[in-house]
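1. sharing a sequence plus its predicted fold:
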Amino acid sequence: MKITGIELRLVDLPLVTPFQTSFGVELSRHALLVRAATDDAEGWGECVAIDDPVYSSEYAGGAIDVLKRFLIPAVLAPGRVTAAGVAPLVDKFKGHRMAKAALETAVLDAELRIAGLPLSGYLGGVRPAVPVGVSVGITDTIEKLLDNVQGYLDEGYGRIKLKIQPGWDLEPTRAVREHFGDDLMLQVDANTAYGPADLPHLVKLDPFDLLLIEQPFDEEDLRTHTRLREMSTTPVCLDESILSARSTVDALAIGACDIVNIKPGRVGGFLEARRIHDVCVAHGVPVWCGGMLETGLGRAANLALAALPGFTLPGDISSSARYFDRDLTEPFVAEGGMMAVPTGPGIGIDPDPQALSELTTWSEWVTA
Ligand SMILES: [Mg+2]
């Protein structure tokens, strides 16, 4: 496939409500989009890096720089490229998996649109719809949290994930469990906010019968996750620590987790995400698809991945309206805790030209 040019585009989608995690508050989603143009089709990728390097070392401004100066020139240089050929071409540049993922996804989307093949079918998806849950940010009061959770349950979500941090963990979790009962599928996500000294404290989450606790410790600290598994009955899930199929094998080998959260952006793209899925299936480890407040373009692609057979837990893939007044695409809607997997070629959805143009704050073409 010959790529005639690649466009980088920043869009600004104000969030319906601020989203607070242990690493900060997001008021607006400034998404970096990558568009790969060919003579026959164009493909879209969304970079999940946020404004500041506080979820991981990557941030949107850094992703733009590395894409423009290194990754895009390397992919355009051979004249022709396939999606499977992107990772080898950019492998010599260390890290920057979120930027690499967006570029690979744009190329893959264009390739599949030309072939007339949906992303889900290409990856090995087996489900027409997938179970989805919602990630609930930290609030000022327990009452506000209970209100928010009630609202999501009213919208039909079957699984609730609470963001936690030191000082906002046992009480909100207890309140939600007691208020909504034992049948609620409930899990918590700490985004690396705890340290080894917090092990005895985190064991106190056990009575709440959580589906899992996600990434309580530093991304490089697999050993403390292993210790928590030994001390606690709550299943331990890794998110930030899982960067590749290789790091997944290592984490499983030392018993650092029971469950894996796969985010294609964090691991360098959908092809590596599928390898991680395959590693986990081979080890009998359940996986689920995480989210990074993606626009409809990123969410469509995540739905395709979540249709693979090993994704047995609900993903963080919520309705457009849960995030934005106005999405870049036709809104996605969860019904009965399920969301349909797009069936069109590639990621199966196109941006609305008017929304795209009105929400864009910057764009630049890069050509060979
Ligand atoms: Mg997480």
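-> Arrived safely, thanks for sending.
2. what is the mean pLDDT for stretch 301-308?
-> The predicted model gives stretch 301-308 an average pLDDT of 98.
3. so which helix or strand of this structure has the lowest pLDDT on average?
-> Within the chain, confidence by mean pLDDT, DSSP states H and E is lowest for helix 320-323 among all helices and strands, at a mean of 86.
4. what residues sit buried inside that one?
-> Residues of helix 320-323 classed as buried: Ser320, Arg322, Tyr323 (neighbour count, 16 or more other Cβ atoms under 10 Å). Just so you know, the C-beta spots here come from the backbone N, C-alpha and C atoms, and that holds for glycine as well.
5. what is the nearest of the residues you listed to Leu202?
-> Arg322 (27.9 Å; Cβ to Cβ).
6. these two touch, right, that closest one and Val134?
-> Yes - judged on Cβ atoms under 8 Å, Arg322 makes contact with Val134 at a distance of 6.4 Å.
7. give me the common contacts of those two.
-> Overlap between the neighbourhoods of Arg322 and Val134 consists of Tyr152, taking contacts as Cβ atoms under 8 Å, 6 or more residues apart in numbering.
8. so which bits of this protein are right by the ion?
-> Contacts of the chain with the ion, taken as Cβ under 5 Å from the ion, map to Asp189, Glu214, Asp239.
9. run the last query once more with 8 Å
-> Residues of the chain that fall close to the ion, judged by Cβ under 8 Å from the ion: Ser135, Asp189, Asn191, Glu214, Gln215, Asp239, Glu240, Asn261, Gly290, Asp316.
10. my guess is the first one is in a helix, correct?
-> No - the assignment for Ser135 by DSSP: H, G, I helix; E, B strand; the rest coil gives strand, which leaves it out of any helix.
11. I'd like the mean pLDDT over stretch 57-64, please.
-> 97.
12. not counting it itself, show me its contacts.
-> With contacts defined as Cβ under 8 Å, 6+ apart, stretch 57-64 is touched by 8, 10, 30, 32, 47, 49-53, 95-99, 102.
13. how about the closest residue to the ion within the stretch 51-200 of the chain: what's its closest non-neighbour residue?
-> Ranked by Cβ to the ion, the top residue of the stretch 51-200 of the chain for proximity to the ion is Asp189, at 4.4 Å. If you skip the residues right next to it in sequence, Asp189 has Glu214 as its closest partner in space, 4.0 Å away by Cβ to Cβ, 6 or more residues apart in numbering.
14. ok, the residue of the stretch 151-300 of the chain found nearest the ion - contacts?
-> Using Cβ to the ion, the single residue of the stretch 151-300 of the chain nearest to the ion is Asp239, 3.7 Å away. By Cβ under 8 Å, 6+ apart, Asp239 lies in contact with Asp189, Asn191, Glu214, Gln215, Asn261, Lys263, Arg266, Gly290.
15. ok, now Asp140?
-> Taking Cβ under 8 Å, 6+ apart as the criterion, Asp140 is in contact with no other residue.
16. hmm, 10 Å instead?
-> Asp140 makes contact with Gln20, according to Cβ atoms under 10 Å, 6 or more residues apart in numbering.
17. doesn't Ala304 make contact with Pro128?
-> No - applying Cβ atoms under 10 Å as the test, Pro128 and Ala304 come out as separate, 11.4 Å apart.
18. mutual contacts of these two, please.
-> Joint contacts of Pro128 and Ala304 (Cβ under 10 Å, 6+ apart) are Ser120, Val341, Thr343.
19. neighbour-wise, which of the residues you listed leads?
-> Top of the shared contacts of Pro128 and Ala304 by neighbour number is Ser120, holding 25 neighbours under the definition other Cβ atoms under 10 Å.
20. tell me the spacing between the closest residue to that one other than its chain neighbours and Trp44.
-> Take Ser120 and drop its neighbours on the chain: the residue closest to it by Cβ to Cβ, 6+ apart is Ala304, 3.8 Å away. As for Ala304, its distance to Trp44 is 13 Å (criterion: Cβ to Cβ, to the nearest Å).
21. list residues touching both of these two?
-> For the pair Ala304 and Trp44, residues contacting each of them under the criterion Cβ under 10 Å, 6+ apart are Gly346, Ile347.
22. mean confidence score for the longest helix along the chain?
-> For the chain, the helix reaching the highest residue count under DSSP state H is reported as helix 97-115. Per-region confidence: helix 97-115 scores 98 on mean pLDDT.
23. now stretch 332-339
-> Taken as a whole, stretch 332-339 carries a mean pLDDT of 92.
24. what comes up buried for that stretch?
-> Of the residues in stretch 332-339, those buried (16+ other Cβ under 10 Å) are Phe332, Ala334, Gly337, Met338, Met339.
25. identify the farthest-apart pair in those residues.
-> Farthest pair in the buried residues of stretch 332-339 (Cβ to Cβ) is Phe332 and Gly337. Separation: 13.6 Å.
26. what sits in contact with each of these two?
-> By Cβ under 10 Å, 6+ apart, the residues touching both Phe332 and Gly337 are Val132.
27. what's the closest residue to Thr105 other than its chain neighbours sitting at in phi/psi?
-> What sits nearest to Thr105 in space, not counting adjacent residues and going by Cβ to Cβ, 6+ apart, is Gly45, at 3.3 Å. Taking degrees, to the nearest 10, you get phi -130, psi 150 for the backbone angles of Gly45.
28. surely Gly45 meets Ala101?
-> Yes - with contact defined as Cβ under 10 Å, Gly45 counts as touching Ala101 (7.1 Å).
29. who touches both of the two?
-> Counting by Cβ under 10 Å, 6+ apart, the common neighbours of Gly45 and Ala101 are Val34, Pro264, Gly265, Gly269, Phe270, Gly298, Ala301.
30. phi, psi for the closest residue to the last one other than its chain neighbours please.
-> Same thing as Ala301. Nearest in space to Ala301, with sequence neighbours left out and distances taken as Cβ to Cβ, 6+ apart, is Ile347 at 4.7 Å. For Ile347, the backbone dihedrals (degrees, to the nearest 10) come out as phi -70, psi -10.
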